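S.K.: below are the sequence and a predicted model for it; my questions follow.
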Protein chains: 2
Amino acid sequence: MDLTPRIETTLELAIRTAATAECPPRLADALHYAVFPGGARIRPRLALAVALACGDDDPVGADAAAAAIELLHCASLVHDDLPCFDDADARRGKPSLHRAFGEPLAVLAGDALIVLAFETLAAARVRRPSRLAPLVGIVGRAVGAQGGITAGQAWESEEAVDLAAYHLAKTGSLFAAATVAGACAAGAPHEPWRALGETIGEAFQVADDISDHVGEAAALGKPTGRDKALSRPSAVLELGLEAAVARLKALVSRAAAQVPHCPGEAQFKALILSETQQFMPAGLKARAA
Amino acid sequence: MDLTPRIETTLELAIRTAATAECPPRLADALHYAVFPGGARIRPRLALAVALACGDDDPVGADAAAAAIELLHCASLVHDDLPCFDDADARRGKPSLHRAFGEPLAVLAGDALIVLAFETLAAARVRRPSRLAPLVGIVGRAVGAQGGITAGQAWESEEAVDLAAYHLAKTGSLFAAATVAGACAAGAPHEPWRALGETIGEAFQVADDISDHVGEAAALGKPTGRDKALSRPSAVLELGLEAAVARLKALVSRAAAQVPHCPGEAQFKALILSETQQFMPAGLKARAA
């Protein structure tokens, strides 16, 4: 099933809700620029796939959860690209937001997207109000100071870094939120979905490290070789390319084994295997197969 | 009634919730630094005073709403002080957060405080879950792109600025959230409280413009004369000092008249008059009396 229309429609609606006459026009443009055109939308597709595997009894709530997670991902990209962090010129094949709109609007657009994520969750409360509090908790944990994305980014400001904690916070946390929130939005027991999300996040991070190393800048829409240039932790720099590719393959297998029992289990497992295959840089797919 | 212990305890608990072992130590320190010691805590005191005037039937929820509003206020101060905005050296009588911890941690601490505000609301859902969605909506509107704080700050990036919209978004919105969320947390009809919050916010802004102009830097804990230096809109620069003082006095009277009917109406009106008197810079109190 193509989940793209559900995701893009919900994101469009969220941005339109924020970008009213009360929103300064350049900020409205910046919000749209940060979210469209999107990347692979991996996290919201994962969230919706889990919701569907769990029965998807509240599609409005599931759409909102998926959109909230993508909005938070976009916010983190905008802030991570700022001069005080990665100082990135390009993102998703176009100038980074602060290059296009200036640094003040980049800070503000990131802030506004974080707020919009929580508003999007709350606005979809109509049918299942009791699911809102756990969803806010799940999403908040994924991006907050306690092991969320901001924690992940903040580890780069520490002298001593626990590499596993760093990757789990910076990447794994939002993938875990995608699986856990997807299940929660569909009324399923949701914590059993956390390990799967963390594994997919780790696989994605290793694949990203490989891409950064082998340098398919055009395919990525962002500069490569940044991990080495910025002395950032990287599975390739740590393990070597061959071992990193083997690690990615092992993580994909582990993910398939971690899918909790659910009504749509078989179909979901097949999806996971096909989606995670997409993580692999094109030039290395044969090596990992 | 001294509301300080309720506010400080809830804020301490919120920061402690975030600053666990999974939070990088310097980020944890930065979060604490951003919130303690506080300023006058005007917004959370206002929120709690409204909740009490409305019967305060869920103190845990009211405390969470008050704390969420103060966390969002602190987040906005941290981001507003950044080099790309006000480039402020000092705040609340000590170095601004980015001067003390560096720019990366200032961006991240602001982000994390925004997230923590929504997590704090959700964590207090225990007794009255149906109030969470409206509270998230109220608080989100106050800080988001649609007329909230980020919109207010973003008006500074526009060529043409509607001064009333600018002030309402940058200052009035969070005061309005304080009154509206205070009523909502206590289960009262909450929208009737918006006009009062906006008026108090406008009074506070005019008082702040006056303070910036007359220059009591030591009392404010931040530099003065910034409005003129940064070409920011200011009631004093627009109207002159005398007329600005008269405007402040008129706003205080209007606020008292805008208090909706509620169980604790008389006591609340007295509180509003005494609190708004505190807005006035010490040297000008006689003139405004």
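M.R.: Looks like it arrived, so ask away. None of these values were measured; they are calculated from a predicted model. Residues are numbered from 1 along each chain as shown, chains lettered A, B, ... in the order given.

S.K.: neighbours of A:Gly240, how many?
M.R.: A total of 12 residues lie near A:Gly240 under the criterion other Cβ atoms under 10 Å in any protein chain shown. For every residue, glycine as well, the C-beta is placed using N, CA and C.

S.K.: scratch that, A:Lys228
M.R.: For A:Lys228, the neighbour count with other Cβ under 10 Å is 13.

S.K.: do the one 10 residues further on as well
M.R.: Applying other Cβ under 10 Å, we find 12 other residues in the vicinity of A:Glu238.

S.K.: go on, A:Phe36?
M.R.: Residues lying near A:Phe36 (other Cβ under 10 Å) number 13.

S.K.: that one and A:Arg16 touch, don't they?
M.R.: No. Judged on Cβ atoms under 8 Å, A:Phe36 makes no contact with A:Arg16 at a distance of 11.4 Å.

S.K.: pull the CA atoms of stretch A:138-153 into CSV?
M.R.: This file holds the C-alpha atoms of stretch A:138-153, laid out as CSV (Å, rounded to 0.1, in the frame of the first residue of the first chain):
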residue,chain,number,x,y,z
ILE,A,138,6.4,8.9,23.4
VAL,A,139,7.1,11.7,20.9
GLY,A,140,8.5,14.0,23.7
ARG,A,141,10.9,11.3,24.8
ALA,A,142,12.2,10.9,21.3
VAL,A,143,13.2,14.5,20.8
GLY,A,144,13.8,15.8,24.4
ALA,A,145,16.9,16.0,26.6
GLN,A,146,16.4,12.6,28.2
GLY,A,147,17.8,10.4,25.4
GLY,A,148,16.0,12.1,22.5
ILE,A,149,17.4,14.0,19.5
THR,A,150,18.5,17.1,21.5
ALA,A,151,20.4,14.8,23.8
GLY,A,152,22.0,13.1,20.8
GLN,A,153,23.1,16.4,19.3
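
S.K.: for that stretch, what is the distance to the chain centroid?
M.R.: On the basis of Cα atoms, centre = their mean, to the nearest Å, stretch A:138-153 sits 12 Å off its chain's mean C-alpha point.

S.K.: would you map the helices across the stretch 151-289 of chain A?
M.R.: With DSSP state H, counting those that start in this stretch as the criterion, the stretch 151-289 of chain A has helices at A:163-167, A:173-185, A:194-214, A:217-220, A:226-229, A:235-239, A:241-257, A:265-277, A:285-288.

S.K.: deepest-packed of those, please.
M.R.: Mean neighbours per residue, mean count of other Cβ atoms under 10 Å in any protein chain shown, is largest over those for helix A:173-185, with a mean of 30.

S.K.: tell me what that one is packed against?
M.R.: Here helix A:173-185 touches helix A:42-53, helix A:59-80, helix A:132-143, helix A:149-155, helix A:194-214, going by 3 or more Cβ pairs under 8 Å, 6 or more residues apart in numbering or on different chains; DSSP states H and E.

S.K.: look up how far chain B lies from A:Val236.
M.R.: A:Val236 is 24 Å from chain B, where distance means Cβ to the nearest Cβ, to the nearest Å.

S.K.: in contact with that residue, which residues?
M.R.: By Cβ atoms under 8 Å, 6 or more residues apart in numbering or on different chains, the contact list for A:Val236 reads A:209-210, A:212-213, A:227, A:244.

S.K.: switch to 6 Å and redo it
M.R.: A:209-210, A:213, A:244 (Cβ atoms under 6 Å, 6 or more residues apart in numbering or on different chains).

S.K.: with A:Ala88 instead?
M.R.: Contacts of A:Ala88 by Cβ under 6 Å, 6+ apart are A:81, A:96.

S.K.: if you set the cut-off to 10 Å instead, what comes out?
M.R.: Neighbouring residues of A:Ala88 by Cβ atoms under 10 Å, 6 or more residues apart in numbering or on different chains: A:77, A:80-82, A:95-99, A:222-223, A:226.

S.K.: so how many other residues sit close to the residue lying closest to A:Pro25 once chain neighbours are set aside?
M.R.: Spatially, and ignoring its direct neighbours in sequence, A:Pro25 is nearest to B:Glu158 (6.8 Å; Cβ to Cβ, 6 or more residues apart in numbering or on different chains). By other Cβ under 10 Å, 13 other residues sit near B:Glu158.

S.K.: in the stretch 1-150 of chain A, where is pLDDT below threshold?
M.R.: A:126 (pLDDT under 70).

S.K.: that older thread, pretty sure the residue nearest to A:Pro25 sits against A:Asp29.
M.R.: No. Counting by Cβ atoms under 10 Å, B:Glu158 stays clear of A:Asp29, with 11.1 Å between them.

S.K.: which neighbours do those two share?
M.R.: Overlap of the contact sets of B:Glu158 and A:Asp29 (by Cβ under 10 Å, 6+ apart) is empty.

S.K.: in the stretch 151-289 of chain A, which residue sits closest to chain B?
M.R.: When scored by Cβ to the nearest Cβ, the stretch 151-289 of chain A has A:Ala154 as its residue closest to chain B, at 3.8 Å.

S.K.: what's the neighbour count on that residue?
M.R.: Using other Cβ under 10 Å, A:Ala154 has 30 other residues around it.

S.K.: for the residue nearest to it when sequence neighbours are not counted, grab phi and psi.
M.R.: Leaving aside its sequence neighbours, A:Ala154 sits nearest to B:Leu27 (Cβ to Cβ, 6+ apart; 3.8 Å). Phi and psi for B:Leu27, reported as degrees, to the nearest 10, are phi -60, psi -40.

S.K.: which residues does B:Leu27 contact?
M.R.: With Cβ under 10 Å, 6+ apart, B:Leu27 has these contacts: A:145-146, A:150-151, A:153-155, A:157-158, B:18-19, B:101, B:104-105, B:108-109, B:112.

S.K.: filter those to the buried ones?
M.R.: For the contacts of B:Leu27, a burial check counting by 16 or more other Cβ atoms under 10 Å in any protein chain shown picks out A:145-146, A:150-151, A:153-155, A:157, B:18-19, B:101, B:104-105, B:108-109, B:112.

S.K.: Serialize the helices and strands packed on helix A:173-185 to JSON lines and add fields for distance to B:His190.
M.R.: JSON lines is the format used below for the helices and strands packed on helix A:173-185 (distance: least, Cβ to Cβ, whole Å):
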{"stretch": "helix A:42-53", "distance to B:His190": "32"}
{"stretch": "helix A:59-80", "distance to B:His190": "23"}
{"stretch": "helix A:132-143", "distance to B:His190": "18"}
{"stretch": "helix A:149-155", "distance to B:His190": "31"}
{"stretch": "helix A:194-214", "distance to B:His190": "36"}
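
S.K.: A:Asp87: which of the ones you listed is closest?
M.R.: helix A:59-80 (10.1 Å; Cβ to Cβ).
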